[in-house]
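Participant: I would like the atomic coordinates for the input below:
(4 chains)
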Protein chains: 2
Amino acid sequence: MKLVTYVNTFLKNPQNGRLKPTMQKAPEPKKRANLRDVAKAAGVSVATVSRVLNEPTVVKKDTLEKVQTAIAELKFVPSAAARAINSGRTRFVGALVPTLDNAIFARFLAALERKLSDHQLSLIVATTEARLDIEAEKAKSLIDIGAEGLIITGATHSPAFHDLIERTMVPTIITSFFDPENPLPTIGYDNATAAQLALQHLADLGHRDIAVVHGPVHDNDRTRERLAGLKALSFAGNLATFETEISHQGGADVAKQLGNLRHRPDAILCLSDVVALGVLLGLQAQKIVVPDQISMVGIDDLPTSAVTVPPLTSVHLPVSRMGECAADALAHWITTQQEPKPEKLGARLIVRGSTKEV
Amino acid sequence: MKLVTYVNTFLKNPQNGRLKPTMQKAPEPKKRANLRDVAKAAGVSVATVSRVLNEPTVVKKDTLEKVQTAIAELKFVPSAAARAINSGRTRFVGALVPTLDNAIFARFLAALERKLSDHQLSLIVATTEARLDIEAEKAKSLIDIGAEGLIITGATHSPAFHDLIERTMVPTIITSFFDPENPLPTIGYDNATAAQLALQHLADLGHRDIAVVHGPVHDNDRTRERLAGLKALSFAGNLATFETEISHQGGADVAKQLGNLRHRPDAILCLSDVVALGVLLGLQAQKIVVPDQISMVGIDDLPTSAVTVPPLTSVHLPVSRMGECAADALAHWITTQQEPKPEKLGARLIVRGSTKEV
DNA sequence: TTGACATATGTAACTAGTTTCATCAACCTC
DNA sequence: GAGGTTGATGAAACTAGTTACATATGTCAA
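Facilitator: Residues are numbered from 1 along each chain as shown, chains lettered A, B, ... in the order given. Okay, here's the model as predicted:
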């Protein structure tokens, strides 16, 4: 299919900058072969060539070979656009993530892309900067350019977005979030449980005065769910929440705040590992020793969390598997028109060195 | 343009799973409007509608309004596929990066995507796992599906890849690498200079026994250039190189090796910040104090590097700007057919707390 | 009043595929 | 040997746009 685009544009601009204005005739920009060319070369009709491409079994063996030879000789690749126009299949889907600047999404997308390509689907990535208006806008342009499906993050979206999905009925899967009741299928972990796992661990170790550090709750239902999970757990102690930017810097900033507190909590629960790493660094800068002076738990379990000093106790979220499941589910939805079942992926606590009994 | 795909597929599967098998007639899957529908509704010809879309100035004012009303009423969005088929423009480009799992590429892609969308271009991201064969394969499928341009990393590629680009003449820009002589335009920093900046800094501080930690050199010309830059600098001391995986874990592994050395170097130069952070953590795990016992420099200057303990001295590489420049250059190349000039972006040393005079 | 020209719009051909329907030959059955 | 069935292929219509060319008005100068 290569070069639909470029060759055509080229042909329409004969004064192309690449051609030197010499006397010799233009180097004959060998036009890309199309179905008709192949048909002519093979001495068959276009319908037959199309059949060779799409249902080769119905074509007689020697005809098949003739056509295939012609295809090879002319280096024919069917135009994706022309195919899309009547099959309605563009073979790409879009993924909307808040940011690429967080290893958790990068890992998710890597798995998603890998698995989608098994289904012959390309992935267009769009970042929303965690803003619902940008999300709706980018979703619209993805659908406008022909995305066959969408992968989105979380269940909270703008009315414009919901309207768009409802009108267009584009298969859309929600990730990083599990809720069997959601009108759109969700594939993710239970954020409330994940947070509870972390809190329970701290509680079991005897911590009673806990700082909860999290990213912006505005427009982020994953964070809200995690916070709600914490509140739902009957915990016999104090929880103080700190909201900050999801970045190492954001975590470090909170660490500084915590260090200055007259009454310092005895444990910190970070709702994301990126923030946790930042907090850890921030504490270290103040010579506050983890876990001796303060325990720390994170959520996400990034590979880096195993390398920190001390290694971070964290709740593992299976983002790579989530990417694979989402890819399979979306591909299946697109091909069969059957909406997939929601899938709940387990989260589990990985105890490492950043937590200690009081 | 929304829903080309899905509606068509839907129409071809009237037994769609979403429709309940009730008695009432199917909810009339309101077919997406096309040019002809709009023309009929507005009482004009398809050519006029097309003109309204593409060169509205040549259309009489009240005709224009009539058509625009019809477009709005029918919620008409032109099919991208149909447009692509005769304009040859698919309005998307592909980016091939080794991995998403390194903040440096994530940041680059974020900037690239942001700027491309200003040019009305979408971005398809493909990861190559730093393998040239995968790169060539994915490049081919990107071009096959109609990518109008490609953004790639580094100047070393497989023969299949070069052949592909030459045959198809798809505009392709090399990033993370600067070489005005390269047949394909490069937009990036001078890797040799960047590495030299780091080494010179260590040399100026009096370090003479330096460990150089870097990622795989196989198939990675950026790393090779950096190493070559180091060798080219007449440095009156010892350089020992350590190759490892580009990850925090990889860095930590090397740190352990270094810690076990009977004669420990007095400084570490990491050719990437991700590795540097890993090394820093690895040293810390062994209670080796930076910079008192050993100095450290990195290259990349990730935001995290400012937060580590101690904050990492690093050579800043302007990846966001690189993304923007690449987007502009590629968009310009696609629209004007004029190959852009190579662009060299400056790198500069940011001195922080991880380096100290001997 | 007529010719010249510009402006606005429509007709139909074109892009590159897929798909329906018709045709024709070959084989089998009665 | 006529009739029915199957298999392979082709002609032409179809997808949804763009665009070259033709045509119909309108304005102005001669």
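Participant: how close does A:I246 sit to A:L109?
Facilitator: Per CB to CB, to the nearest Å, A:I246 is found 16 Å from A:L109. All C-beta spots, glycine's among them, are computed from the backbone N, C-alpha and C.
Participant: same thing with A:T90?
Facilitator: 19 Å.
Participant: Neighbour count: these two, which is higher?
Facilitator: Counted by other CB atoms under 10 Å in any protein chain shown, A:T90 and A:L109 do not tie: A:T90 has more neighbours, with 27 against 24.
Participant: Regarding the residue lying closest to the more buried one once chain neighbours are set aside, which helix or strand does it belong to?
Facilitator: Excluding the flanking residues, the one nearest A:T90 by CB to CB, 6 or more residues apart in numbering or on different chains is A:G146, at 3.8 Å. Assigned by DSSP states H and E, A:G146 falls within no helix or strand.
Participant: you'd agree A:G146 is up against A:I85?
Facilitator: No: with contacts counted by CB atoms under 8 Å, A:G146 stays clear of A:I85, the gap being 10.0 Å.
Participant: more neighbours, those two?
Facilitator: More crowded of A:G146 and A:I85, by other CB under 10 Å: A:G146, with 29 against 21.
Participant: Would you mind measuring from that one to A:N86?
Facilitator: With CB to CB as the criterion, A:G146 and A:N86 are 13 Å apart.
Participant: can you check A:T335 too?
Facilitator: 17 Å.
Participant: of those two, who's got more company?
Facilitator: A:T335 (14 against 10).
Participant: Per the annotation, how does chain A divide into domains?
Facilitator: A:35-87, A:92-189+A:319-346, A:191-316 (automatic domain parsing).
Participant: What strand or helix carries A:L96?
Facilitator: Here A:L96 is assigned to strand A:92-97, by DSSP H and E.
Participant: other SSEs contacting that strand?
Facilitator: helix A:103-118, strand A:122-127, helix A:132-144, strand A:150-153 (3 or more CB pairs under 8 Å, 6 or more residues apart in numbering or on different chains; DSSP states H and E).
Participant: How many residues are close by the residue of the stretch 101-250 of chain A found nearest DNA strand D?
Facilitator: When scored by CB to the nearest atom of the strand, the stretch 101-250 of chain A has A:D144 as its residue closest to DNA strand D, at 10.6 Å. For A:D144, the count of nearby residues is 19 (other CB under 10 Å).
Participant: and it, how far is that from chain B?
Facilitator: From A:D144 across to chain B, the span is 4 Å (CB to the nearest CB, to the nearest Å).
Participant: That residue contacts B:V77, doesn't it?
Facilitator: Yes: using CB under 8 Å, A:D144 makes contact with B:V77 at a distance of 5.6 Å.
Participant: Could you point out which of the helices and strands packed on strand A:92-97 sits nearest A:R352?
Facilitator: Comparing the helices and strands packed on strand A:92-97 against A:R352 with CB to CB, the closest turns out to be helix A:103-118 (17.3 Å).
Participant: For that closest one, list the C-alpha coordinates in PDB.
Facilitator: The C-alpha coordinates for helix A:103-118 follow below in PDB (Å, rounded to 0.1, in the frame of the first residue of the first chain):
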ATOM      1  CA  ALA A 103       6.000   5.200  32.800                       C
ATOM      2  CA  ILE A 104       2.700   3.600  33.700                       C
ATOM      3  CA  PHE A 105       1.000   4.800  30.500                       C
ATOM      4  CA  ALA A 106       4.100   4.300  28.400                       C
ATOM      5  CA  ARG A 107       4.100   0.600  29.500                       C
ATOM      6  CA  PHE A 108       0.500   0.300  28.900                       C
ATOM      7  CA  LEU A 109       0.700   1.700  25.400                       C
ATOM      8  CA  ALA A 110       3.700  -0.400  24.500                       C
ATOM      9  CA  ALA A 111       1.700  -3.600  25.300                       C
ATOM     10  CA  LEU A 112      -1.300  -2.200  23.600                       C
ATOM     11  CA  GLU A 113       0.500  -1.500  20.400                       C
ATOM     12  CA  ARG A 114       2.300  -4.800  20.400                       C
ATOM     13  CA  LYS A 115      -0.900  -6.700  20.800                       C
ATOM     14  CA  LEU A 116      -2.900  -4.600  18.400                       C
ATOM     15  CA  SER A 117      -0.400  -5.200  15.600                       C
ATOM     16  CA  ASP A 118      -1.100  -8.900  16.100                       C
END
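Participant: burial measure for A:S234, as a count.
Facilitator: By other CB under 10 Å, the residues close to A:S234 number 6.
Participant: can you tell me which helix or strand it belongs to?
Facilitator: A:S234 belongs to no helix or strand, assigned by DSSP H and E.
Participant: What residues does chain A have near DNA strand C?
Facilitator: Within chain A, the positions lying close to DNA strand C (CB under 7 Å from any atom of the strand) are A:4, A:8, A:32, A:34-36, A:46-47, A:50-51, A:53-54, A:76-79, A:82-83, A:85-87.
Participant: Among the residues you listed, which ones lie close to DNA strand D?
Facilitator: Applying CB under 7 Å from any atom of the strand to the residues of chain A next to DNA strand C, those adjacent to DNA strand D are A:V46, A:A47, A:R51, A:A82, A:I85, A:N86.
Participant: any idea how far the fifth one lies from B:R83?
Facilitator: When you say that, I think you mean A:I85. 10 Å.
Participant: Please apply the same query to the last one.
Facilitator: For A:N86, the distance to B:R83 (CB to CB) stands at 15 Å.
Participant: likewise the first one?
Facilitator: Computed as CB to CB, the A:V46 to B:R83 distance reads 23 Å.
Participant: who's more crowded, those two?
Facilitator: A count of neighbours by other CB under 10 Å puts B:R83 above the other of A:V46 and B:R83, at 19 against 14.
Participant: where does the more buried one land in three-state SS?
Facilitator: helix (DSSP: H, G, I helix; E, B strand; the rest coil).
Participant: Return the residues of chain A in contact with DNA strand D.
Facilitator: So far as CB under 7 Å from any atom of the strand goes, chain A lies against DNA strand D at A:43-48, A:51, A:58-60, A:62-64, A:82, A:85-86.
Participant: Just the ones of the residues you listed in helices?
Facilitator: Assigned to helices by DSSP state H, the following of the residues of chain A next to DNA strand D qualify: A:V46, A:A47, A:T48, A:R51, A:D62, A:T63, A:L64, A:A82, A:I85, A:N86.
Participant: Same list (those residues) but as TSV, adding distance to B:P303.
Facilitator: Putting these into TSV (distance: CB to CB, whole Å) gives the following:
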residue	distance to B:P303
A:V46	56
A:A47	58
A:T48	59
A:R51	56
A:D62	64
A:T63	61
A:L64	57
A:A82	45
A:I85	45
A:N86	48
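Participant: Among the residues of chain A next to DNA strand C, the buried ones, what's the ChimeraX command?
Facilitator: The buried subset of the residues of chain A next to DNA strand C, as determined by 16 or more other CB atoms under 10 Å in any protein chain shown, is captured in ChimeraX by this line:
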select /A:4,8,32,34,35,51,53,76,77,78,79,82,83,85,87
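Participant: Tell me where the stretch 151-300 of chain A has helices.
Facilitator: Along the stretch 151-300 of chain A, the segments classed as helices by DSSP state H, counting those that start in this stretch run A:159-168, A:191-204, A:221-232, A:248-260, A:273-285.
Participant: How far off centre is stretch A:33-42?
Facilitator: 40 Å (CA atoms, centre = their mean, to the nearest Å).
Participant: Flag every buried residue along that stretch.
Facilitator: For stretch A:33-42, using 16+ other CB under 10 Å, the buried residues are A:A33, A:N34, A:L35, A:D37, A:V38, A:A39, A:A41, A:A42.
Participant: Then stretch A:61-78?
Facilitator: For stretch A:61-78, burial by neighbour count (16+ other CB under 10 Å) applies to A:T63, A:L64, A:K66, A:V67, A:Q68, A:A70, A:I71, A:L74, A:F76, A:V77, A:P78.
Participant: which residues are contacting it?
Facilitator: A:1-2, A:32-35, A:37-38, A:41-44, A:48-49, A:52-53, A:56, A:59, B:144 (CB atoms under 8 Å, 6 or more residues apart in numbering or on different chains).
Participant: backbone phi and psi for the residue of the stretch 101-250 of chain A at minimum distance from DNA strand C, please?
Facilitator: Residue of the stretch 101-250 of chain A nearest DNA strand C, by CB to the nearest atom of the strand: A:Q120 (13.7 Å). The phi/psi pair for A:Q120 (degrees, to the nearest 10) reads phi 60, psi 30.
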